[in-house]
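Novice: no sequence on this one, just coordinates:
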């Protein structure tokens with residue numbers, strides 16, 4: 001008899017700030033931390049320009065929301081791989097539309113969810 005896989009609840013979304021995201025990434029998805037810090041440095045810290053901060057936070061909000069949920073991340077990866085492997089343009093477009101919808105929905109998560 002095999003045991004059913006345990007569905008783990010993803011960690012809650014952090015505050016929607018660079019600091020909140022950095023702390024959550026460092027704690028729950030440390031494999032993303034170097035890339036997060038590199039982009040922060042390249043687009044904000046080294047330029048002394050805060051204009052990119054809202055776009056940066058939106059991008060990393062989505063990245064963390066996906067990375068924190070292994071099951072959802074695997075599903076999105078599967079959709080993307082299927083899209084890349086099909087010879088049908090229509091099928092590839094439909095699969096990538098699903099990926100886009102999932103990623104866009106992640107933007108609507110609130111801190112604590």
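Specialist: Okay, I see it. These numbers were taken from a predicted model, which means no experiment stands behind them.
Novice: which ones are touching the residue most central in space within the chain?
Specialist: The centroid of the chain falls nearest to residue 63 when counting by C-alpha atoms, centre = their mean (1.8 Å). Residues near residue 63 by C-beta atoms under 8 Å, 6 or more residues apart in numbering: residue 32. For the C-beta atoms, the positions are set from N, CA and C on the backbone; glycine is no exception.
Novice: any idea which element it lies in?
Specialist: Using DSSP states H and E, the element containing residue 63 is helix 53-67.
Novice: check which residues of the helix or strand following that helix are buried.
Specialist: Downstream of helix 53-67, the next assigned helix or strand under DSSP H and E is helix 70-85. Neighbour counts over helix 70-85 (16 or more other C-beta atoms under 10 Å) mark 76, 79, 82-83 as buried.
Novice: closest one of the residues you listed to residue 53?
Specialist: Checking the buried residues of helix 70-85 against residue 53 by C-beta to C-beta gives residue 76 as the nearest, at 25.6 Å.
Novice: enumerate every residue touching the closest one.
Specialist: Counting by C-beta under 8 Å, 6+ apart, residue 76 touches 66, 99, 102-103.
Novice: just the pLDDT for it.
Specialist: On the pLDDT scale, residue 76 is placed at 97.
Novice: over to residue 56?
Specialist: Here the pLDDT value assigned to residue 56 is 97.
Novice: how about the helix or strand hosting residue 35: buried residues?
Specialist: Per DSSP H and E: residue 35 is located in helix 33-40. For helix 33-40, the neighbour count (16+ other C-beta under 10 Å) marks 36, 39-40 as buried.
Novice: neighbours around residue 93, how many?
Specialist: Other residues near residue 93 come to 11 when the count uses other C-beta atoms under 10 Å.
Novice: any idea how far residue 102 is from it?
Specialist: As judged by C-beta to C-beta, to the nearest Å, residue 93 and residue 102 stand 15 Å apart.
Novice: again with residue 14
Specialist: The gap separating residue 14 from residue 102 is 20 Å, by C-beta to C-beta.
Novice: fine by me, thanks again.
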